[in-house]
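Peer 1: following is a predicted model, sequence given first.
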Amino acid sequence: MSAHVELILMVGGDETTPEEQMMAEAWRAATLDWLDRAARVGSIGRMLVAANSARFAARIRASHPDAEVALDSGAFHFGRRLRDLVTAHRLARPFYAGGGSGIFLTEDDLRWISDTVAQGENRLVANNFYSSDLVAFTPGEAIGRIEPPDTDNDLAWRLARQAGLEALALPPSVASLFDLDTPVDLMICQAHPACPPRLRAYLDGVGLDLSPIRRALEVLRKPGARVLLAGRVGAAARAYLEAHTPCTVAVLAEERGMRASGRMDRGEVRTVLGYLLGERGPEGLFQALAEVADLVLLDSRVLLSHLGKWPTNADRYRSDLLRPDDIADPALKAITQAAAAAPVPVLLGGHSLVSGGLYALVDIAQGAPEPQARQ
């Protein structure tokens, strides 16, 4: 009998505000797409979904009676929750994924990941070794040998360093890196022809304004246009943009690993854009950026950390949607107003915007070839 991996999907989300409810519903739709694909992959055996919504649990049972559902209760801690699930269900080869990650992974990708883990020993496969959103590993009991991480970003690193598993990372691509982290990721995903069907059906009914994405795509197709990437930008993302668009690229790469290093918690994050903001104000900042770029993709979380601010999820989501009117935090409201009124297109988001989101934008601009994680 051939070995199988056991899929664990974890999906949560708050529903206090309309923006948070939108993100939660998008993650749930993406989770159902995950289950559709996983059910067709022979090397994936059991499917387990950990969720915080009884209503969503009922939807899973109705659409996928073969999937098991574990409802979250009490205070949530990612690492302890994953460890408890693996232990309680005696999983030998867990394949963990967050509900918003890996949405462009094909069935062939899932089969390769599953087979690589199922046929090996003391091994893990992750989408990103240093900032993982999905990790398949064996043996399952290795989860008990690591300090439970607060978020999934540290899972692959700890399983390799603390539990001694051999680590394999997927090559960077839209399939391996794209993550539904903020509303701008939803906007990019809706514009991508490979958006999975249940997620597309949900997004088509939301009525997001995709005009900022369309303006960005116009620039990415224009020979000689200048694109500025700012924030936690990796070298591979820059190389992909340079290789697959006719644009010239400027990069302000700062504060990668600001969470994992503890710099964010210690208030040590600093960015050149933060100092420019302090000197010129929000309007002056974006006027200056428009002097050097025709398109700006800004990982605004670095700028907010420089200011010593971490506004609510709802405020950050409204900023990413370029809707300043309902933002409560005055600094973020002013930044968002200035970005929306800038002379050039500006996209605001988190790390995913200048990582998987950038890959997706480039792919859309060049005709969106079918995503493959191992191309």
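Peer 2: It's in. Numbering: from 1, shown residues only.

Peer 1: ok, and the closest non-adjacent residue to residue 295?
Peer 2: Distance criterion Cβ to Cβ, 6 or more residues apart in numbering; nearest residue to residue 295, sequence neighbours excluded, is residue 219 at 4.0 Å. Every C-beta, even on glycine, is put in place using the N, C-alpha and C of the backbone.

Peer 1: residue 226 versus the one you found, what's the distance?
Peer 2: 8 Å (Cβ to Cβ, to the nearest Å).

Peer 1: ok, now residue 97?
Peer 2: Taking Cβ to Cβ, one finds residue 97 at 36 Å from residue 226.

Peer 1: how about residue 131?
Peer 2: Taking Cβ to Cβ as the measure, residue 131 falls 28 Å from residue 226.

Peer 1: show me which of the two is the more surrounded one.
Peer 2: Between residue 131 and residue 226, residue 131 has the larger neighbour count (other Cβ atoms under 10 Å), namely 25 against 16.

Peer 1: that one belongs to a helix?
Peer 2: No - according to DSSP: H, G, I helix; E, B strand; the rest coil, residue 131 belongs to no helix; its state is coil.

Peer 1: count of neighbours near the nearest residue in space to residue 245 that is not next to it in sequence?
Peer 2: Nearest-residue entry for residue 245: residue 220, 5.1 Å, with adjacent residues in sequence omitted and distances by Cβ to Cβ, 6+ apart. When neighbours are counted by other Cβ under 10 Å, residue 220 registers 22.

Peer 1: low-confidence stretches in the chain?
Peer 2: In the predicted model, the chain carries pLDDT under 70 at residues 1-2, 368-375.

Peer 1: what residue is smack in the middle of the chain?
Peer 2: Nearest to the mean C-alpha position of the chain, counting by Cα atoms, centre = their mean, stands residue 179 at 2.4 Å.

Peer 1: now that one, which residues is it bridged with?
Peer 2: residue 101 (DSSP bridges).

Peer 1: and it, what is it in contact with?
Peer 2: Shown in contact with residue 179 (Cβ atoms under 8 Å, 6 or more residues apart in numbering): 98, 100, 101, 133, 185, 352, 355, 356.

Peer 1: can you list contacts of stretch 199-207?
Peer 2: Counting by Cβ under 8 Å, 6+ apart, 22, 25, 26, 29, 30, 33, 103, 186, 189, 190, 195 sit against stretch 199-207.

Peer 1: repeat for stretch 248-264
Peer 2: 130-131, 151, 153-154, 224-234, 238, 241-242, 265, 269-273, 292-293, 302, 305.

Peer 1: secondary structure class for residue 282?
Peer 2: Residue 282 - assigned by three-state DSSP - is helix.

Peer 1: so it touches residue 330, yeah?
Peer 2: No - using Cβ atoms under 8 Å, residue 282 makes no contact with residue 330, being 10.7 Å away.

Peer 1: which of those two has more neighbours?
Peer 2: Taking other Cβ under 10 Å, residue 282 and residue 330 do not tie; residue 282 has more neighbours (19 against 9).

Peer 1: which residues touch the closest residue in space to the more buried one that isn't next to it in sequence?
Peer 2: Nearest residue to residue 282, sequence neighbours excluded (Cβ to Cβ, 6+ apart): residue 338, at 3.6 Å. Residue 338 makes contact with 281, 282, 283, 285, 286 under the criterion Cβ under 8 Å, 6+ apart.

Peer 1: what about 10 Å?
Peer 2: Residue 338 sits next to 277, 281, 282, 283, 284, 285, 286, 287, 289, 324, 346 when contact means Cβ atoms under 10 Å, 6 or more residues apart in numbering.

Peer 1: buried subset of the residues you listed?
Peer 2: Neighbour-count burial (16 or more other Cβ atoms under 10 Å) applied to these gives 277, 282, 285, 286, 287, 289, 324, 346.

Peer 1: ok so residue 348 is a strand residue?
Peer 2: Yes - using three-state DSSP, the assignment for residue 348 is a strand.

Peer 1: I'd say it and residue 297 touch.
Peer 2: Yes - shown here, residue 348 and residue 297 form a contact pair, counting by Cβ atoms under 10 Å, at 8.7 Å.

Peer 1: need the residues touching each of those two.
Peer 2: residue 184.

Peer 1: just the strands in the protein please.
Peer 2: 5-11, 44-51, 68-71, 94-98, 123-126, 134-138, 166-169, 226-231, 248-253, 295-299, 346-349 (DSSP state E).

Peer 1: so for residue 319, which of those strands sits nearest?
Peer 2: Nearest of those to residue 319, taken as Cβ to Cβ: strand 346-349 at 5.6 Å.

Peer 1: so what strands line up beside that closest one?
Peer 2: Counting by DSSP bridges, strand 346-349 is paired with strand 295-299 (parallel).

Peer 1: tally of neighbours for residue 171?
Peer 2: Neighbourhood size, residue 171 [other Cβ under 10 Å]: 13.

Peer 1: that one against residue 236, yeah?
Peer 2: Yes - here residue 171 reaches residue 236: they are 8.6 Å apart, a contact under Cβ under 10 Å.

Peer 1: so what's in contact with the two at the same time?
Peer 2: With Cβ under 10 Å, 6+ apart, residue 171 and residue 236 have common neighbours residue 177.

Peer 1: from residue 138, how far off is residue 104?
Peer 2: Using Cβ to Cβ, residue 104 is found at 25 Å from residue 138.

Peer 1: residue 65 too?
Peer 2: Remark: distance between residue 65 and residue 138 (Cβ to Cβ) = 27 Å.

Peer 1: who's in contact with the nearest residue to residue 9 once chain neighbours are set aside?
Peer 2: Nearest residue to residue 9 in three dimensions, chain neighbours excluded: residue 49, at 4.8 Å (Cβ to Cβ, 6+ apart). Applying Cβ under 10 Å, 6+ apart to residue 49 gives the contacts 7-11, 28, 31-32, 34-35, 56-57, 60-61, 64, 67-71, 99.
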